[in-house]
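Novice: how does the following fold in three dimensions:
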Amino acid sequence: MKHRLIATLVLAISGAAPGSLTPAASAAPPETARAMYTRAMAEERAVRAESATPTLAQIHHVIASYEAIVRKHPASGYCDNALWQGGSLALLAFERQPTAHARRAEPEPLAYRTVR
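Specialist: As a prediction, this is how the structure comes out:
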């Protein structure tokens with residue numbers, strides 16, 4: 001009873017709603033590099049399918065998925081593969097639509113492969 005009263009006072013002082021700190025309302029755990037990589041690979045398969053005619057925006061989305069792996073999990077073993085896959089998709093986008101926009105936007109992931 002005493003702990004519940006203290007918790008209620010702390011919530012009242014902080015301005016939080018009483019039910020807002022329950023485990024169900026807490027944020028989901030961060031996504032693992034493996035889960036992100038698996039999802040990006042599935043997206044890439046859909047973009048590379050022979051029956052598909054993806055737009056440049058769809059290819060950019062998959063490239064961004066690979067870049068997110070590198071940004072969120074830089075020490076992961078999936079980073080090298082994500083960089084390679086993203087760069088490969090960037091080249092595919094350039095081959096399919098060699099517009100001025102693609103030339104500027106697509107080769108950027110290749111810059112991540114350089115040693116800093």
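Novice: where does the prediction get shaky in the chain?
Specialist: Within the chain, the ranges that satisfy pLDDT under 70 run 1-26, 99-116.
Novice: tell me where it has helices.
Specialist: 2-14, 33-48, 56-72, 78-96, 100-105, 108-111 (DSSP state H).
Novice: what does the second one rub up against?
Specialist: Pointing back at helix 33-48 there. Residues from elsewhere that reach helix 33-48 (C-beta atoms under 8 Å, 6 or more residues apart in numbering): 52, 54, 58-59, 61-62, 65-66, 68-69, 72-73, 76-79, 81-82, 85, 89, 92. Where you see a C-beta, it was placed from the backbone N, CA and C, and this is true even at glycine.
Novice: now which of those would you call buried?
Specialist: Among the contacts of helix 33-48, those classed as buried by 16 or more other C-beta atoms under 10 Å are 54, 59, 62, 65-66, 68-69, 73, 76, 78-79, 81-82, 85, 89, 92.
Novice: for stretch 36-50, buried residues please.
Specialist: For stretch 36-50, by 16+ other C-beta under 10 Å, it's 36, 37, 40, 41, 43, 44, 47.
Novice: taking these, tell me the two that lie furthest apart.
Specialist: Spanning the widest gap among the buried residues of stretch 36-50 are 36 and 47, at 16.4 Å by C-beta to C-beta.
Novice: now stretch 74-84 - C-alpha only, CSV.
Specialist: C-alpha atoms of stretch 74-84 as CSV (Å, rounded to 0.1, in the frame of the first residue of the first chain):
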residue,chain,number,x,y,z
PRO,A,74,27.4,-0.5,-36.9
ALA,A,75,29.3,-3.3,-35.1
SER,A,76,27.1,-6.1,-36.5
GLY,A,77,28.3,-8.7,-38.9
TYR,A,78,25.3,-7.9,-41.1
CYS,A,79,26.8,-4.4,-41.9
ASP,A,80,29.2,-5.6,-44.6
ASN,A,81,26.4,-7.6,-46.3
ALA,A,82,24.0,-4.7,-46.0
LEU,A,83,26.5,-2.3,-47.6
TRP,A,84,27.2,-4.7,-50.4
